[in-house]
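Peer 1: Using only what follows, build the 3D model:
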Amino acid sequence: MSVRRSAAALATTAVLCATAAPAAVAAPSPSPSPTTALPPGLYGTSDPTYDGVWRQSLALLAQKVEYVTPSTKAVDWLAGQQCASGAFPSYRDATENCDPKTVADTNATAAAVQALVELAVHRETVDNGVRWLKSVQNEDGGWGYNPGSPSDANSTAIVIGALARAGQKLGDITTLGGKTPYAALQTFAIPCGGAGAGAFAYQPDKDGKLAANADATAAGVLGAMGKGLAAGNSNAVKAPVCQKGTDLSPEQTAQNGAYYLADVLGEQPYLNLPPMPGAEDTSPQPDFGNTADAVVALAASGHKDKAAGAVRWLEKNSKNWARQGGPAATAQLVLAAHATGTDARDFGGVDLVAQLNATGPAPAATAVPSPTVTGQQPVKDKSSDDGGMGVWWLVGVGLAFGAGIGFLLSSRRKNQQL
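Peer 2: Numbers count the residues shown, from 1 in each chain. Got it, this is the predicted structure:
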């Protein structure tokens, strides 16, 4: 389990429906004390210490793909989490300046950059975040969870997605030794032909060996394709193939990862959580979040058909998990629905969009979406004094209604992501 997933687990109670498996409970993050007021604009009600920026970013991304205009207050809260250096911590008290004790978080920074890029606002914040991410690149070309920590597949992948979505050319982002982000990510890929063929490892073990990690693989597939967290469905449909070789392109490495995910989800329609340290019950338990991430990765790499069983399983079994997990959990399901063209407003009988909206400030506007757009489309920055949110969307909604042509609102980008 990656550090990123571990942090999410701390903030989420994993609840399994009786039809899926015996109940499994991950340690939740502490709830705020009755005397602690949550910051205005923040999504969710649990302690944001470990995942405030992360869950806010996912919530905004999920709203964007479902044609929901977030509250300016919510967007400004996210932008206000940035330190002067350009970095985002996991969460901070924005009434106080960042200091040397403020721990910068590459994953939070990359997620925030992606959210603000997709919303096309706060471009200066995006650019500052990009500069900081490039400044803390490791010598091997990758990134760790915190600056200076060893590179890992998840962190490298989500930073790649952020840089690519922000318009950076990944091949030009090199270390003094000429290492690129893609080259670093590919070092975590397990060759085809043996155990874990095609998968990504989170990090090598102490002996330098790689072990298949489904969480790292879902992230690695998106990163190797230069795509972000809100990747849509690929136009191409192809059979998963694990290609052997030592000089593979990033796209080929991504396809190998998709091959692994398709194989695992072909045996059962969900991925399992790793055993919790010290837990008495070590029987496998479903990992709802990583299953949703795997669905996004498969759809984005041209294998939506291989994700269909997992989508049906999530529709049937993820209701309690999403409701109790809060905005990040619900957002993950929205992004999985979006990637596969599934109705997020009737996901197993649950309106995920309404459920997500209810976890934060009331949206500025909500529209019934037109058919899901495949891929991520380019968007121009629409920043303005009011955050660039309400006017553009309201005008678009008004035009769509007035012309009677349906809700052909804001197309999203092509190419790139985590």
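Peer 1: In contact with the residue nearest to Leu356 when sequence neighbours are not counted, which residues are there?
Peer 2: Across the structure, with CB to CB, 6 or more residues apart in numbering as the measure, the residue nearest Leu356 apart from its sequence neighbours is Thr330 (4.6 Å). Heads up, the C-betas are built off the backbone N, CA and C, glycines and all. Contacts of Thr330 were listed using CB atoms under 8 Å, 6 or more residues apart in numbering, and they are 59, 62, 322-323, 352, 355-356, 359.
Peer 1: next one: Ala212
Peer 2: Ala212 makes contact with 190, 195-196, 199-201, 260 under the criterion CB under 8 Å, 6+ apart.
Peer 1: Over to Gly142?
Peer 2: For Gly142, the contact set (CB under 8 Å, 6+ apart) comprises 151-152, 155-156, 181, 184-185, 187.
Peer 1: Tell me the secondary structure at it.
Peer 2: Gly142 falls in the coil class when you classify it by DSSP: H, G, I helix; E, B strand; the rest coil.
Peer 1: mind checking how far it is from Val353?
Peer 2: 35 Å (CB to CB, to the nearest Å).
Peer 1: Equivalent analysis for Met225, please.
Peer 2: Where Val353 is concerned, Met225 sits at a distance of 26 Å (CB to CB).
Peer 1: before we move on, what about Ile190?
Peer 2: When distance is defined by CB to CB, Ile190 is 37 Å away from Val353.
Peer 1: Who has more neighbours out of the two?
Peer 2: Neighbour tally, Ile190 and Val353, criterion other CB atoms under 10 Å: the higher count belongs to Val353, 26 against 23.
Peer 1: mind listing the helices for the stretch 51-200 of the chain?
Peer 2: Counting by DSSP state H, counting those that start in this stretch, the stretch 51-200 of the chain has these helices, from start to end: 52-65, 72-79, 106-119, 123-135, 153-165, 181-186.
Peer 1: Please produce TSV containing the ones you listed, extended by distance to Ala297.
Peer 2: Output for the helices of the stretch 51-200 of the chain, formatted as TSV (distance: least, CB to CB, whole Å):
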stretch	distance to Ala297
helix 52-65	15
helix 72-79	24
helix 106-119	15
helix 123-135	22
helix 153-165	10
helix 181-186	13
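Peer 1: so which of those helices is the most packed in?
Peer 2: Relative to the other members of those, helix 153-165 carries the highest mean neighbour count by mean count of other CB atoms under 10 Å, namely a mean of 31.
Peer 1: quick one: low-confidence parts of the stretch 201-350 of the chain?
Peer 2: Confidence mapping of the stretch 201-350 of the chain against pLDDT under 70 gives the ranges 279, 281.
Peer 1: One more pass at 90, please.
Peer 2: Counting by pLDDT under 90, the stretch 201-350 of the chain shows low-confidence ranges at 232-239, 246, 274-284.
Peer 1: the strands in it, which residues?
Peer 2: 271-273, 285-287 (DSSP state E, counting those that start in this stretch).
Peer 1: Quick one: closest of the ones you listed to Asp305.
Peer 2: Evaluated with CB to CB, these place strand 271-273 nearest to Asp305, the distance being 17.8 Å.
Peer 1: So in that sheet, which strands flank that closest one, and in what orientation?
Peer 2: Each strand that strand 271-273 pairs with, and the sense of that pairing, follows from DSSP bridges: strand 285-287 (antiparallel).
Peer 1: Please spell out which residues along the partner strand are buried.
Peer 2: By neighbour count, and taking 16 or more other CB atoms under 10 Å as the criterion, the buried residues in strand 285-287 are 285-287.
Peer 1: wait, doesn't Gly44 sit right on Leu356?
Peer 2: No: counting by CB atoms under 8 Å, Gly44 stays clear of Leu356, with 10.2 Å between them.
Peer 1: Now list whatever residues contact both of the two.
Peer 2: The contact lists of Gly44 and Leu356 share 59, 327, where a contact means CB under 8 Å, 6+ apart.
Peer 1: who's more crowded, these two?
Peer 2: More neighbours sit around Leu356 than around the other of Gly44 and Leu356, counting by other CB under 10 Å; the figures are 28 against 22.
Peer 1: quick one: the more buried one from Ala79, how far?
Peer 2: With CB to CB as the criterion, Leu356 and Ala79 are 20 Å apart.
Peer 1: ok, now Leu185?
Peer 2: 28 Å.
Peer 1: Please apply the same query to Ser234.
Peer 2: Taking CB to CB as the criterion, Ser234 is separated from Ala79 by 31 Å.
Peer 1: so where's the longest helix in the chain?
Peer 2: Secondary structure assigned by DSSP state H gives helix 250-267 as the longest helix of the chain.
Peer 1: My understanding was that Ala79 contacts Arg123; is that so?
Peer 2: No: contact status for Ala79 versus Arg123: not in contact, 10.4 Å apart, counting by CB under 8 Å.
Peer 1: what residues do those two have in common as contacts?
Peer 2: By the contact definition CB under 8 Å, 6+ apart, Ala79 and Arg123 are jointly contacted by Leu116.
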